[in-house]
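Peer 1: Quick one, what's the 3D model for this:
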Amino acid sequence: MKVLFDLNVLIDVACRWRRFPDAVTLYRQVLASPVDQDAWPGGGDTTLYDIIRQSLDEERTRAMLAQFGAELTLPPLTAEVVATAQRRQMADLEDACVAASAFAAGCDVIASRNVADCQASPIVAQPPTVLLARLTQAR
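Peer 2: Residues are numbered from 1 along each chain as shown. Predicted coordinates for the structure are as follows:
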């Protein structure tokens, strides 16, 4: 299963692990699978920096972004991806860009706590707890 991690889940992994331990567990389990190259949304690195930097110091923030960059692919946010996102019937352009990035990267699922806003996504979004249950059942 190829997973695109939505920014809210990556923020949980970086600085809200106590509140959302399932995000960290999912991240680790998905990355432990050598089969798929999992991803994070194209264009999301600057948003992640701004949000994570509110909780962590500069050095730790950059280290987290470097870790995400080393462990996940970053599909390019091309004009075609943005145009696809704009055509989606989604209320939020950022969510539409995440969905279009997941589609362009060939992902099977989006790990997100923002499932309600991803109803019109061509790739299903599921919260970390649901994805963990799916991974456990698959074993």
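Peer 1: Going along the chain, name the helices of the protein.
Peer 2: For the chain, the helices defined by DSSP state H cover 7-15, 21-32, 45-52, 58-71, 79-87, 93-104, 128-138.
Peer 1: Pull out the buried positions in the shortest one.
Peer 2: Buried residues in helix 45-52, counted by 16 or more other Cβ atoms under 10 Å: 45, 48, 51, 52. For every residue, glycine as well, the C-beta is placed using N, CA and C.
Peer 1: wait, the first one sits on residue 76?
Peer 2: No. Assessed by Cβ atoms under 8 Å, residue 45 is found out of contact with residue 76, at 11.8 Å.
Peer 1: one step back: so which of the helices of the chain gets nearest residue 113?
Peer 2: Proximity to residue 113 (Cβ to Cβ) singles out helix 7-15 among the helices of the chain, at 5.0 Å.
Peer 1: Figure out the length between the terminal residues of stretch 40-54.
Peer 2: This stretch, stretch 40-54, spans 20 Å end to end (Cα to Cα, to the nearest Å).
Peer 1: Distance from it to the middle of the chain?
Peer 2: 11 Å (Cα atoms, centre = their mean, to the nearest Å).
Peer 1: same question, stretch 20-27
Peer 2: 12 Å.
Peer 1: ditto for stretch 87-97
Peer 2: That offset, for stretch 87-97, works out to 15 Å (Cα atoms, centre = their mean).
Peer 1: which parts of it are buried?
Peer 2: 88, 90, 94, 95, 96, 97.
Peer 1: Kindly report the same for stretch 113-120.
Peer 2: Quick answer for stretch 113-120 (16+ other Cβ under 10 Å): 113, 114, 115, 117, 118.
Peer 1: which one of these is nearest residue 134?
Peer 2: residue 115 (13.9 Å).
Peer 1: Which pLDDT does the model give the closest one?
Peer 2: pLDDT recorded at residue 115 is 94.
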